[in-house]
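Okay, here's the prediction I keep looking at, along with the sequence it came from:
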Amino acid sequence: MKFFNQKNEPANDGRYAVLSSIDECLEKSRENPVIVFKHSSICPISYNAKREMDAFLEETDALVYLLVVQEQRPLSQEIAERLKVKHESPQAIFLRDRKVTAVFNHGQIQADNMKSASVKS
């Protein structure tokens, strides 16, 4: 089975922060808005969403944590439970002051939507 990382590109090319714990992410959200981006390495919709997130990151210095659900399933589930956000993939969760300010799933993850939400966060 071929994973849907089309050109054997690494999921995290250095533009994304590595998410190791939800607590770290929540603490960072006290200083500045942060985004948790849940990405599936085998889903074509997630591949397109990541391209949109990459485009968003080219225009901003937002702190975006990348979580590849196949590699970090327990952490993905913990995020859903603690933030009370139904798990979806792909999914972009915006946080500010330890609170969810916006959630985008699947085709909603577009660079323009990310820009609008980051301004409101």
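Noted; the coordinates are in hand.

switch to C-alpha atoms for all contacts and neighbour counts from now on
OK.

measure residue 14 to residue 87 for me?
Residue 14 sits 25 Å away from residue 87, taking CA to CA, to the nearest Å as the criterion.

okay, those two: which has more neighbours?
Between residue 14 and residue 87, counting by other CA atoms under 10 Å, residue 87 is the more crowded of the two (15 against 8).

Can you name the helix or strand that the closest residue to that one other than its chain neighbours falls in?
Distances taken as CA to CA, 6 or more residues apart in numbering place residue 80 nearest to residue 87, at 5.4 Å, with adjacent residues excluded. Assigned by DSSP states H and E, residue 80 belongs to helix 73-83.

What mean pLDDT does that helix get?
In this model, helix 73-83 has an average pLDDT of 96.

next one: stretch 93-104
Mean predicted lDDT for stretch 93-104 stands at 97.

what does the helix or strand encompassing residue 57 contact?
Using DSSP H and E, residue 57 sits in helix 44-58. Helix 44-58 is contacted from outside by 4-5, 15, 39-41, 89-90, 106-107, 109-112, 114-115, using CA atoms under 8 Å, 6 or more residues apart in numbering.
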